[in-house]
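Enquirer: Everything below, folded, please.
(chains A and B)
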Amino acid sequence: MRIRFLTLSFLFTVFALFAGMANIQAFPEKAKHANSNTLSSDKSFDNQAKDSVVIAPKSEASETSGTLEPNRNRGTFTQRLFPGLSSENLRKLLLDWKNLFPDPIRSYYVAMVGKAFFFPVALFLMVLILALMGNLLVVTGILFLSNRIMNYERKEKVRLRIFFEKTLTDLMLQVTNTQETIQILSHPYLKENYNLLIDILMEFQKSFRGDADRQIIELYQGMDLGQISYNKTFAIFFYKQIQGIHELANMHPYHATEMIASRLNDPDDIVRTESQICYPHVNKEFPFEFLSILEMPFSEWAQLNIYYYIKIHEMPVPSFNKWLGSGQINVVNFSILMITLFQQQEHAEQIIGKLKVPNETTRHLAIVACGELHLFDSKAVLKESFLGETAKNQLEITRVFQSIGDETDIPFLETIVRNESIPLRLEGCRTLYFLGENGKNHLERINQSLNDILSPFIAHIKDQRN
Amino acid sequence: MTSKRILVAEDNKLIQETIVFKLKKEGYEVIRAVNGKECLEFLHSERFDLLITDLFMPFVNGHEIISTVRTEMKSNLPILVLSAAGAEETILKAFELGADDYMIKPFSLSELSIRVRKIIASR
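Expert: Below is the predicted model of the structure:
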């Protein structure tokens, strides 16, 4: 029933389109009048057709009287479009076709044909239905085709993947050599799928090292796949640019260093971060040289990755003091961190100089460095700057005295324990406690003088669980 | 002389295929398991001369497999762990549970081949 209704609606829309174009109802009153007649009889439709009018250009009479007058001289739109075809003929033709429909639907069809010729709203709805159904057909067709294409591409991709993996495995197991493999993979059809080949090469490289790694790089360079990766770095989408950078960095083609260096200050954060991370991969001799040319921020993620790369591969590190004067605050902070981590104590003076800079994070890192590197010369500066420091840095200064403090610093720690906030007092107590026997004794004396206010702190410090 | 039977438990298809081809080329009989559960099923039903296993696999991880082989099955089957996990705790745990050797990914096929030969020869 639903299918019959849809089919009828479709046909009715088509017919109504033509009918509407042929004969548009101008007066709602006239439409009402037409509608009040019995619509099921053909004779009434004939009469209504005779009375129907078209919207015509205003004649002089109509302009003065404000009424529309029928203009039968130019003919209807349908007549102009299809000379010889009148709305009456069309309606009669449509009504003649009622015999094609079964009995239950016949009257419904006749009613619809009648209404289509008299209600502009119905005409609009018909056009809308027609357009929607046409759209539905088009969309269905597109979905069907694209589904077929996607299925085909997916199967093809699987087949190619298996082929590429088998070929590369044969190369790695020395069934074939590099030249033979290049010959196999240079087939014109395969050239369109080199992106997939590069992905598989990258997977192999992640999983294997030694001879396999060398063979993969030889193959990559022998087939000039670097050009494809290089072109990716100029793609519109940032993820493709990153893919290209990553491929070049791992496969070490000739122009990787230059290309990656050109992206170190890229306005896109992710591309820039990836370039910064990949730079040490391509420039193993001077992995940190890019710090000298950085103008854009050096993200913490990039810093972490580079640090771990250097550590895992046990790469030699330079003296980071040369970047302590950089205009980029991230570079300065990174350098202080690296000096701390790699225990470069020869830069003590420059680190102590960083205790007075405006940037809070830089000062904090410098304070930590003073403790880690046991920079005893920094004590005076730390005490001097203590009161003007932020709470976080004050805590760190107090903590640092565990590493560099001695008996001469007890009065300083005592002022902290007596006067400062609870976290500072706790840290001050801890520092005094771990300063040796003198520190412990002094702490007890202070506690007694303060009527055992510090007892909970001392208990906390002594608790093995902390 | 019958060839030695090796069970390779690895969920990464690429690595698994490459290891299998390499070991078959060297004359071993190689059975593959794609996850921990399948690996245990093979271990319970068949006899092997060496188990090469990854640590992080679906259903049952490598540590549990090693523990099952050593405690439940009370077998002295040589076990070579091949994993991307390079953390000290992970490696120590594998040895404590009873692994005989540990290789970190990315790995060299030549090195794997030598280690397999050594382990099998020592038993």
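Enquirer: all strands for chain B, in order.
Expert: With DSSP state E as the criterion, chain B has strands at B:5-9, B:29-33, B:50-53, B:79-83, B:101-104.
Enquirer: Could you tell me the average pLDDT over the helix or strand where residue A:165 lies, please?
Expert: Assigned by DSSP states H and E, residue A:165 falls within helix A:120-172. Average pLDDT, helix A:120-172: 90.
Enquirer: what's the following helix or strand past that helix in contact with?
Expert: Counting by DSSP H and E, the next helix or strand C-terminal to helix A:120-172 is helix A:178-185. For helix A:178-185, contacts defined as C-beta atoms under 8 Å, 6 or more residues apart in numbering or on different chains pick out A:164, A:167, A:168, A:170, A:171, A:176, A:197, A:215, A:218, A:219, A:222, A:223. Where you see a C-beta, it was placed from the backbone N, CA and C, and this is true even at glycine.
Enquirer: buried sites along stretch A:98-108?
Expert: A:101, A:105 (16 or more other C-beta atoms under 10 Å in any protein chain shown).
Enquirer: So for that stretch, could I get the coordinates as CSV, restricted to C-alpha?
Expert: Provided in CSV are the C-alpha atoms of stretch A:98-108 (Å, rounded to 0.1, in the frame of the first residue of the first chain):
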residue,chain,number,x,y,z
LYS,A,98,-7.2,6.6,-14.4
ASN,A,99,-8.1,3.2,-15.9
LEU,A,100,-4.5,2.1,-15.4
PHE,A,101,-5.0,2.1,-11.7
PRO,A,102,-6.9,-0.4,-9.7
ASP,A,103,-10.4,0.4,-8.3
PRO,A,104,-9.5,1.4,-4.8
ILE,A,105,-6.9,3.9,-6.0
ARG,A,106,-8.8,5.2,-9.0
SER,A,107,-10.9,7.7,-7.2
TYR,A,108,-8.0,8.9,-5.1
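Enquirer: Quick one: residues contacting residue A:396.
Expert: Going by C-beta under 8 Å, 6+ apart, residue A:396 touches A:364, A:367, A:368, A:371.
Enquirer: before we move on, what about residue B:37?
Expert: With C-beta under 8 Å, 6+ apart, residue B:37 has these contacts: B:58, B:59, B:60.
Enquirer: can you pull the contacts of the residue of chain B found nearest chain A?
Expert: Of all residues in chain B, residue B:108 sits closest to chain A, at 3.0 Å by C-beta to the nearest C-beta. Residue B:108 sits next to A:208, A:209, A:210, A:211, A:212 when contact means C-beta under 8 Å, 6+ apart.
Enquirer: got the phi/psi numbers for it?
Expert: Note on residue B:108: backbone dihedrals following degrees, to the nearest 10 are phi -100, psi 130.
Enquirer: Repeat that for residue A:117.
Expert: Residue A:117 has phi and psi values of phi -80, psi -10 when expressed as degrees, to the nearest 10.
Enquirer: Pick the most deeply packed of the strands of chain B.
Expert: Of these, the one with the most neighbours on average (mean count of other C-beta atoms under 10 Å in any protein chain shown) is strand B:50-53, at a mean of 25.
Enquirer: Name the residues of chain B found near chain A, please.
Expert: Neighbours of chain A within chain B, by C-beta under 8 Å from any C-beta of the partner chain: B:12, B:14-15, B:17-18, B:21-22, B:25, B:105-111.
Enquirer: Looking at those residues, which are in helices?
Expert: If you go by DSSP state H, these have B:14, B:15, B:17, B:18, B:21, B:22, B:25, B:109, B:110, B:111 in helices.
Enquirer: Same list (the residues you listed) but as CSV, adding pLDDT.
Expert: Formatted as CSV, these follow (pLDDT from 0 to 100):
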residue, pLDDT
B:14, 88
B:15, 91
B:17, 91
B:18, 92
B:21, 92
B:22, 92
B:25, 91
B:109, 91
B:110, 91
B:111, 93
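Enquirer: Quick check: ChimeraX command selecting the buried ones in those residues.
Expert: Applying 16+ other C-beta under 10 Å to these, the buried members can be selected in ChimeraX as follows:
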select /B:14,15,17,18,21,22,109
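Enquirer: Could you report the pLDDT at residue A:14?
Expert: On pLDDT, residue A:14 comes in at 65.
Enquirer: Most proximal residue of chain A with respect to chain B?
Expert: In chain A, the residue that lies nearest chain B is residue A:210 (3.0 Å; C-beta to the nearest C-beta).
Enquirer: if I pick that residue, what's in contact with it?
Expert: B:107, B:108, B:109, B:110, B:111.
Enquirer: Give me the pLDDT for residue B:62.
Expert: In this prediction residue B:62 is given a pLDDT of 92.
Enquirer: Kindly report the same for residue A:33.
Expert: At residue A:33, pLDDT is 47.
Enquirer: now residue A:106
Expert: Reported pLDDT for residue A:106: 87.
Enquirer: Nearest residue to it in space, please, no chain neighbours.
Expert: Leaving aside its sequence neighbours, residue A:106 sits nearest to residue A:98 (C-beta to C-beta, 6 or more residues apart in numbering or on different chains; 5.2 Å).
Enquirer: Identify the residues contacting the one you found.
Expert: A:106, A:109, A:110, A:113.
Enquirer: I'd assumed it was in a helix, is it?
Expert: Yes - the assignment for residue A:98 is a helix, going by DSSP: H, G, I helix; E, B strand; the rest coil.
Enquirer: ok, what's across the strand from the residue most central in space within chain B?
Expert: Nearest to the geometric centre of chain B sits residue B:52, at 1.2 Å (C-alpha atoms, centre = their mean). Going by DSSP bridges, residue B:52 is paired in beta bridges with residue B:8, residue B:80.
Enquirer: Widest-spaced pair of the contacts of residue A:210?
Expert: Greatest spacing in the contacts of residue A:210, by C-beta to C-beta: B:107 and B:110 (9.6 Å).
Enquirer: where does chain B have low pLDDT?
Expert: For chain B, residues meeting the criterion pLDDT under 70 lie at B:1.
Enquirer: Would you mind listing what in the stretch 101-250 of chain A touches chain B?
Expert: Counting by C-beta under 8 Å from any C-beta, the stretch 101-250 of chain A sits next to chain B at A:165, A:169, A:172-173, A:200, A:203-213.
Enquirer: related to what we said a few turns ago, got the contacts of helix A:178-185 as a markdown table, with neighbour count columns?
Expert: Output for the contacts of helix A:178-185, formatted as a markdown table (neighbours: other C-beta atoms under 10 Å in any protein chain shown):
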| residue | neighbour count |
| --- | --- |
| A:164 | 22 |
| A:167 | 19 |
| A:168 | 24 |
| A:170 | 16 |
| A:171 | 23 |
| A:176 | 17 |
| A:197 | 23 |
| A:215 | 19 |
| A:218 | 16 |
| A:219 | 23 |
| A:222 | 14 |
| A:223 | 20 |
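Enquirer: Roughly how far does residue B:67 sit from residue A:355?
Expert: Separation of residue B:67 from residue A:355 (C-beta to C-beta, to the nearest Å) stands at 53 Å.
Enquirer: Looking at those two, which has the bigger crowd around it?
Expert: Per other C-beta atoms under 10 Å in any protein chain shown, whichever of residue B:67 and residue A:355 has more neighbours is residue A:355, with 22 against 15.
Enquirer: just checking, the more buried one is part of a strand?
Expert: No - secondary structure of residue A:355 (three-state DSSP): helix, not part of a strand.
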